[in-house]
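Engineer: Generate a structure from the sequence data that follows.
(chains A and B)
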Amino acid sequence: GAGVSQSPSNKVTEKGKDVELRCDPISGHTALYWYRQSLGQGLEFLIYFQGNSAPDKSGLPSDRFSAERTGGSVSTLTIQRTQQEDSAVYLCASSVSTGSNYEQYFGPGTRLTVT
Amino acid sequence: GDSVTQMEGPVTLSEEAFLTINCTYTATGYPSLFWYVQYPGEGLQLLLKATKADDKGSNKGFEATYRKETTSFHLEKGSVQVSDSAVYFCALRNNAGNNRKLIWGLGTSLAVNP
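Structural biologist: Sure thing, here's the model as predicted:
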């Protein structure tokens, strides 16, 4: 079946602009996660959703970052007034549920470059 | 807070060599431990996992044992192949409360030469 998809695959934007990154999880997966992969920083958790609610958004770096999920499916990560330090690969993952036995399946990522 | 430390790469081996990638962790409670792999041009994939002390995860010839006494989860393979060339990430998940996030090591790049 289809895996996790993300769009766009690449995004180049100017500093100060807003960007929206989209994630389509695997059908039927109730849990959805956003991570960021930066050079020298490794992978960092941003936020996770169970259904449409976000029990843990502790990893969002600043109030310029927000995310929502609608219909228990698609999620959008929005970065307002982008800065150069926001340049990274943004990864989305989904799982059947949030229990420890449920594997997180990752999408290919969106590479964001802020110039 | 919780953290994962894994050996820095890059690691370069000849085909059929023995592989060890060290991973140690710091966490409260009883985390689950994972190894993920990222092949060139592909997304992250779960390689193996262990959810409690002394569990051994295994897949594709790779193994890792959850050692609570040494807080380690070292990845091993007895005979690597060129196709194992990838970046390997150790990760933990502390399942307390609402915590469902994965905490990651920085990744270890492995190159296997024929």
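Engineer: can you give me the helices in chain B?
Structural biologist: Counting by DSSP state H, one finds no helices in chain B.
Engineer: how far does stretch A:33-49 sit from the chain's center?
Structural biologist: 8 Å (CA atoms, centre = their mean, to the nearest Å).
Engineer: and it, how far apart are its ends?
Structural biologist: 6 Å (CA to CA, to the nearest Å).
Engineer: and it, anywhere near chain B?
Structural biologist: Yes: contact of stretch A:33-49 with chain B (CB under 8 Å from any CB of the partner chain) involves A:33, A:35, A:42-45, A:48. Glycine gets a C-beta too; all of them are placed from N, C-alpha and C.
Engineer: Please flag which of the residues you listed sit within helices.
Structural biologist: Mapping these onto helices (DSSP H) picks out no residues; all lie outside.
Engineer: quick one: which of the residues you listed has the most company?
Structural biologist: Neighbours here mean other CB atoms under 10 Å in any protein chain shown. Within those, the largest count is held by residue A:48, at 29 neighbours.
Engineer: pLDDT at residue A:115, what is it?
Structural biologist: Predicted confidence (pLDDT) at residue A:115: the value is 96.
Engineer: Surely it is in contact with residue A:11?
Structural biologist: No: applying CB atoms under 8 Å, one finds residue A:115 not in contact with residue A:11, separated by 11.0 Å.
Engineer: Looking at these two, which has the bigger crowd around it?
Structural biologist: With neighbours defined as other CB under 10 Å, residue A:115 and residue A:11 compare such that residue A:11 has more, 17 against 10.
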